[in-house]
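# Build me a model from this:
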Amino acid sequence: MKSKPSKLDPKKGRQRFPASKRAAQESGRVLRSLLLSLIALLALCAYLLALALLPMAHQAGRTSVDLDIEAGTSVRQIIALAQEGGLDINATYVYWLFRLSGQAKDIKAGSYEITQEVSPWDFLQKITRGDESLKSVTLVEGWTFHQFRTALNKAEGLKHESAALSDEEILSRIASSDPSPEGHFYPDTYTFGKNTSDLKVLARAKKAMDHQLQKAWNERAPNLSIATPGEALILASIVEKETGVAKDRPMISSVFHNRLQIGMPLQTDPTVIYGIGENFNGNLTKKDLRTDHPWNTYTRRGLPPTPIAMPGKAALNAALHPQSSHALYFVAKGDGSSYFSETLEEHNQAVNRYQRHLN
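Below is the predicted model:
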């Protein structure tokens, strides 16, 4: 059987193909073009992703860059600050990374540390999360307010606004109505961003103590010898200063509660030392114990007028949950712990044994 001859274009003398074949060929070219474009786009995306995850370089000799961002700082300004600080940053790329991510509006003011391990994407996440490079200051249990102030004045990164203020002025600046600052600031470690005011740290410590004291007071044991949260704070400060080992706190508290209940002087050395103040030379004498002042619990009955230190949570709880006992005396055993006695005769024997080393 003979095949039919192909149709030739009468004008050009060339073979003509059906329209369906021409459409298929055109579709193939379009598909190849789209595929090549997609591959190019994926390659570009992969390249941009690699840039986003590649750690940014620093100037020679720099291991990190400190970056302070104020509220309202634009993306371009942030990039310029980073470059001025020593960060080798691709300004155009990082700008569009911020913009296209949709997170530019979420940038938070603060102080940030940009290390050599930080990529552009990490950088973006860091300043939109508010992941600041924080510093800290530790205020220790048993410290006085004077020691608190000294620690804050030495803390790097703080704005020392309290340094030139009196105690009374500090209380006013943090809106405290307490007549004295002593005891009213909670000992803890407080973190802060660069150039945070030390008054803000004190306000946080004051708020924390108010919370801890109220919580402990609400959960107090029944039938205590103290009537107010203020008295609890004073007693807790004495327990804090008298405690050598943690397990003795409830018994030390018990001794003071028992003395308060029978009207016996507390006779605790730390209150006398507190009243002497900066004039104390480290040696507590009989004359010191006989010299009357508001904090001398040898010459005056009851609690002193103010706390004598900043008590921690354990001391607050011990003051409000004394161990049940009839003990009225205690003496240091020399290893940090104390020996407790119910009678003066037993106490004197303990003093001979542990203080005078007499058998």
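# Just to check, Gly86 is in contact with Ala57?
No - with contacts counted by Cβ atoms under 8 Å, Gly86 stays clear of Ala57, the gap being 9.7 Å. All C-beta spots, glycine's among them, are computed from the backbone N, C-alpha and C.
# neighbours of Thr285, just the number please.
Per other Cβ atoms under 10 Å, the neighbour tally for Thr285 reads 9.
# Please report how far it lies from Ser324.
Remark: distance between Thr285 and Ser324 (Cβ to Cβ, to the nearest Å) = 36 Å.
# returning to what we had before: of Gly86 and Ala57, which one has the most company?
Using other Cβ under 10 Å as the criterion, Gly86 and Ala57 rank with Gly86 on top: 18 against 12.
# Strands of this structure, residue ranges please.
Assigned by DSSP state E, the chain shows strands spanning 57-58, 64-69, 87-88, 110-115, 135-138, 158-159, 189-192, 196-197, 329-332, 338-341.
# what ranges of this protein fall below the confidence cut-off?
1-19, 21-22, 41-53, 60-61, 116, 359 (pLDDT under 70).
# Please tell me I have it right and Thr243 contacts Ile252.
Yes - using Cβ under 8 Å, Thr243 makes contact with Ile252 at a distance of 5.8 Å.
# Need the residues touching each of the two.
Overlap of the contact sets of Thr243 and Ile252 (by Cβ atoms under 8 Å, 6 or more residues apart in numbering) consists of Ala318.
# right, and Gln83 touches Ala91 too?
Yes - using Cβ under 8 Å, Gln83 is in contact with Ala91, at 7.0 Å.
# which residues in the stretch 201-350 of the chain form helices?
229-242, 249-262, 269-276, 286-290, 313-320, 344-354 (DSSP state H, counting those that start in this stretch).
# could the ones you listed go into JSON lines alongside distance to Ile127?
Written out in JSON lines, the entries for the helices of the stretch 201-350 of the chain read as follows (distance: least, Cβ to Cβ, whole Å):
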{"stretch": "helix 229-242", "distance to Ile127": "41"}
{"stretch": "helix 249-262", "distance to Ile127": "45"}
{"stretch": "helix 269-276", "distance to Ile127": "47"}
{"stretch": "helix 286-290", "distance to Ile127": "57"}
{"stretch": "helix 313-320", "distance to Ile127": "35"}
{"stretch": "helix 344-354", "distance to Ile127": "60"}
